[in-house]
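Student: build me a model:
(one chain, ligands or ions: 1)
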Amino acid sequence: MSLADRFPDITRRNEPLAPHTHLRIGGPAEFFVRPGTADELREVLRACQKDKVPVRMLGGGYNLLVRDDPVPGAVVQLTAPAFRMIEWDGRKIVAGGGGQLFDLIAFAARQGLAGLETLVGIRGTVGGSVRCNVGDRNGEISQTVRQVTVMTDAGNVQVRQRDELNFAEHQSDLDEPVILSVEFELDRDDRAAVLKRLRKSWITRKGAEPFSFQHAARLFHDPPGKSAAGLIDRAGLTKAKVGGAELSERNANYVVAHPGTTAADILQLVDHVRDRVRERTGVTLERELNVW
Ligand SMILES: Cc1cc2nc3c(=O)[nH]c(=O)nc-3n(C[C@H](O)[C@H](O)[C@H](O)COP(=O)(O)OP(=O)(O)OC[C@H]3O[C@@H](n4cnc5c(N)ncnc54)[C@H](O)[C@@H]3O)c2cc1C
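Tutor: Numbers count the residues shown, from 1 in each chain. Below is the predicted model:
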């Protein structure tokens with residue numbers, strides 16, 4: 001029995017993934033599953049494990065390129081209210097993995113809790129953002145993480161404490177399929193001061209990113225002590241283009257997908273940039289963008 005037969009109310013077959021990603025590119029998912037509760041999610045994961053169906057988690061699709069071919073197996077997205085809760089107790093906030101990072105940051109700022117406000121403007125879900133350890137020179141989300149509740153392939157819930165986890169620049173070693181929720185520990189501060197830093201970060205970030213109407217994604221990790229965008233500029237690749245895929249004029253470490261761009265265009269551009277940067281600067285850039 002297929003997933004769609006077993007979980008008909010929450011599963012769609014051959015769901016196009018392009019509308020679910022910020023690049024608006026990519027083929028369909030064989031099964032697209034949006035469980036309503038953690039129990040339902042557990043059943044889905046157990047069925048997938050039993051039938052050897054690969055499982056991929058989709059957050060907001062901001063750090064994701066889906067190839068042009070169909071994606072086999074299950075793509076799971078945590079959009080139900082059960083996965084988007086925010087609970088607060090003193091300096092502690094617990095946020096569901098499917099909630100929006102923006103909602104969490106705004107909530108913390110309203111309570112006068114500091115530590116997340118400089119991340120404002122980074123788009124994504126809480127789960128995707130912790131898995132990718134989002135941040136910039138002003139800080140990373142991992143600095144505020146106290147524990148992460150995950151669900152394993154077998155559908156078991158486990159809690160991973162901060163000291164068991166390793167985070168690096170825009171990456172983590174969280175390898176369980178699902179981040180269910182994250183507990184953050186923040187600092188008390190004056191609400192007006194938190195909001196002031198939040199506004200400043202918003203303005204800075206929006207000025208350094210592709211325009212909000214563009215379909216875009218970040219391409220490479222910053223090598224230690226260096227900026228990927230700076231290296232790409234130094235390699236003479238400003239506004240480099242393959243098909244409809246073009247490096248952003250505002251920040252060369254972002255690709256902008258013009259109408260008609262394929263995933264193959266973007267992957268070719270990634271290879272071209274990596275080769276040219278290596279030739280010109282001696283640095284090998286590592287891809288940050290997740291590719292399915
Ligand atoms: C214009 C633009 C600007 C950006 N600026 C920044 C920036 O300044 N700093 C920065 O760090 N990043 C930045 N990013 C990257 C992106 O916003 C982050 O990586 C974000 O965390 C992605 O979250 P998401 O929910 O969209 O994850 P997705 O892109 O959907 O997924 C990313 C990865 O997380 C996994 N995942 C998603 N949800 C879960 C879950 N619940 N459980 C387990 N795994 C999960 C996916 O399987 C995938 O491997 C930017 C992206 C764009 C498009």
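Student: tell me, what residue is most central in this structure?
Tutor: Gly128 (3.9 Å; CA atoms, centre = their mean).
Student: what about that one, which SS state?
Tutor: helix (DSSP: H, G, I helix; E, B strand; the rest coil).
Student: how close does it sit to Gly61?
Tutor: 8 Å (CB to CB, to the nearest Å). (Glycine included, C-beta is placed from N, CA and C.)
Student: how does the chain divide into domains?
Tutor: Domains of the chain are assigned by automatic domain parsing as 3-81, 84-207, 210-291.
Student: Val120 contacts Ile203, doesn't it?
Tutor: No. If you go by CB atoms under 8 Å, Val120 and Ile203 don't touch, sitting 9.9 Å apart.
Student: between the two, tell me which one has more neighbours.
Tutor: Taking other CB atoms under 10 Å, Val120 and Ile203 do not tie; Val120 has more neighbours (21 against 12).
Student: if we can go back for a sec, in CSV: the domains of the chain, plus distance to the ligand and mean pLDDT.
Tutor: Putting the domains of the chain into CSV (distance: least, CB to the nearest ligand atom, whole Å; pLDDT from 0 to 100) gives the following:
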stretch, distance to the ligand, mean pLDDT
domain 3-81, 2, 97
domain 84-207, 2, 95
domain 210-291, 4, 95
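Student: which SSE is Leu174 in?
Tutor: Counting by DSSP states H and E, no helix or strand carries Leu174.
Student: out of everything not next to it in sequence, what's closest to it?
Tutor: Nearest residue to Leu174, sequence neighbours excluded (CB to CB, 6 or more residues apart in numbering): Arg131, at 5.4 Å.
Student: contact partners for the one you found?
Tutor: Gly59, Ser172, Leu174, Ile179 (CB atoms under 8 Å, 6 or more residues apart in numbering).
Student: apply 10 Å and report the result again.
Tutor: 57, 59, 63, 97, 124-125, 141, 148, 167, 170-176, 178-179, 182, 290 (CB atoms under 10 Å, 6 or more residues apart in numbering).
Student: then Glu164?
Tutor: Gln147, Val148, Asp173.
Student: same check, this time on Thr238
Tutor: Thr238 neighbours (CB under 10 Å, 6+ apart): Ala229, Ile232, Leu247, Ser248, Glu249, Ala252.
Student: which helix or strand contains it?
Tutor: Assigned by DSSP H and E, Thr238 falls within no helix or strand.
Student: mind listing the helices for this structure?
Tutor: 3-6, 38-51, 101-110, 126-131, 191-208, 228-234, 263-281 (DSSP state H).
Student: and the ones you listed, which is most packed in?
Tutor: Most buried of those by mean neighbour count (mean count of other CB atoms under 10 Å) is helix 126-131; its value is a mean of 27.
Student: I'd assumed Val159 was in contact with Thr152.
Tutor: No. Thr152 lies out of contact with Val159 (CB atoms under 10 Å); the separation is 11.7 Å.
Student: the two: which has the busier surroundings?
Tutor: Neighbour count, other CB under 10 Å: between Thr152 and Val159, Thr152 has more, with 15 against 12.
Student: which residue is the nearest non-sequential neighbour of the more buried one?
Tutor: Nearest non-adjacent residue to Thr152 (CB to CB, 6+ apart): Glu176, at 5.2 Å.
Student: neighbours around the one you found, how many?
Tutor: Glu176, neighbours per other CB under 10 Å, totals 18.
Student: what of the one 3 residues further on?
Tutor: Using other CB under 10 Å as the criterion, Ile179 is surrounded by 27 other residues.
Student: could you do Pro81 as well?
Tutor: Other residues close to Pro81 by other CB under 10 Å number 11.
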